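K.L.:
Give me a model of this one.
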Amino acid sequence: MKDPLPFDHRPDLVLGRALREALDPGGAQLFTARVLARAEHARAASWDAVLARWARAGVAAALVVALAAGYFVGHATAGSPTTVRPTVSDVLIAPPAHPGEVEVVLASVIGNN
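P.N.:
Below is the predicted model:
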């Protein structure tokens, strides 16, 4: 086990002087304005840096996810070659012969009112 570092209970004069100089208000309004200006600058700079750093990677990741999803959805919905899928216009002109799901949905909506 390492020996603990010795503890000196006396105040650090150099650090104390530097803190007093940095935190000397010079007036409450001046001090408040200075602190708020630094905080606003730090917040704006940090968000700009974070967003700039992640923008390209985020766009690239979104593109990869979209392409992968399109690929998997395309292969999952591609039926066998003998299956003919109706187009949207075919379904609108001649709806399927058994619209049972629509009746169930309408019955549940009408029954609740």
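K.L.:
so where do the helices sit in this protein?
P.N.:
13-23, 28-77, 88-93, 100-112 (DSSP state H).
K.L.:
avg pLDDT for the last one?
P.N.:
In this model, helix 100-112 has a mean pLDDT of 59.
K.L.:
try the shortest one
P.N.:
Computed over helix 88-93, the mean pLDDT rounds to 72.
K.L.:
And the first one, by the same measure?
P.N.:
Confidence for helix 13-23, expressed as mean pLDDT, is 85.
K.L.:
got the angle for that helix vs helix 28-77?
P.N.:
Put simply, helix 13-23 runs at 90 degrees to helix 28-77, going by axes from the mean of the first three to the mean of the last three Cα atoms, to 10 degrees.
K.L.:
Out of the helices of the chain, which is closest to Leu5?
P.N.:
Counting by Cβ to Cβ, Leu5 lies closest to helix 13-23 out of those; the figure is 16.5 Å. For the C-beta atoms, the positions are set from N, CA and C on the backbone; glycine is no exception.
K.L.:
Fine, thanks again, bye for now.
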